[in-house]
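Engineer: pasting the structure only:
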């Protein structure tokens, strides 16, 4: 994990006003113990894929800057229970 990625991830979270700080979890980079999530080189390519997933699956997803690599990933955004 690079300091640059940590800073970029935190700044992206602040920019998007996202209060879900699960980017600090290892699951933000890994699908399973051996499989890395799909990497998107740019925020725009991630947003394009995000739109497709939203339309296809009718669920809430979000893009985020990964702290563990130089890429963006998509995560299923679950509703918070109170």
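Structural biologist: All right, it came through fine. This is a predicted model, so every value here is computed, not measured.

Engineer: list the helices and strands the top helix by length along the chain packs on?
Structural biologist: With DSSP state H setting the assignment, residue counts place helix 43-57 as the longest helix in the chain. With contacts taken as 3 or more CB pairs under 8 Å, 6 or more residues apart in numbering; DSSP states H and E, helix 43-57 sits against strand 61-65, strand 72-76. From N, CA and C alone the C-beta is placed, and that goes for glycine too.

Engineer: Out of the ones you listed, which gets nearest to residue 31?
Structural biologist: strand 72-76 (9.5 Å; CB to CB).

Engineer: packing partners for that closest one?
Structural biologist: Secondary elements touching strand 72-76 (3+ CB pairs under 8 Å, 6+ apart): helix 43-57, strand 61-65.

Engineer: Take the helices and strands packed on helix 43-57 and lay them out in CSV including distance to residue 31, mean pLDDT and mean neighbour count.
Structural biologist: Formatted as CSV, the helices and strands packed on helix 43-57 follow (distance: least, CB to CB, whole Å; pLDDT from 0 to 100; neighbours: other CB atoms under 10 Å):
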stretch, distance to residue 31, mean pLDDT, mean neighbour count
strand 61-65, 14, 86, 20
strand 72-76, 10, 85, 19
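
Engineer: Ok, which of the ones you listed comes nearest residue 17?
Structural biologist: strand 61-65 (11.5 Å).

Engineer: any idea of the mean pLDDT in the longest helix of the chain?
Structural biologist: The average of the pLDDT scores along helix 43-57 is 91.

Engineer: would a markdown table of the helices and strands packed on helix 43-57 with distance to residue 1 be doable?
Structural biologist: Output for the helices and strands packed on helix 43-57, formatted as a markdown table (distance: least, CB to CB, whole Å):
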| stretch | distance to residue 1 |
| --- | --- |
| strand 61-65 | 13 |
| strand 72-76 | 14 |
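
Engineer: Out of the ones you listed, flag the one nearest residue 34.
Structural biologist: strand 72-76 (16.3 Å).
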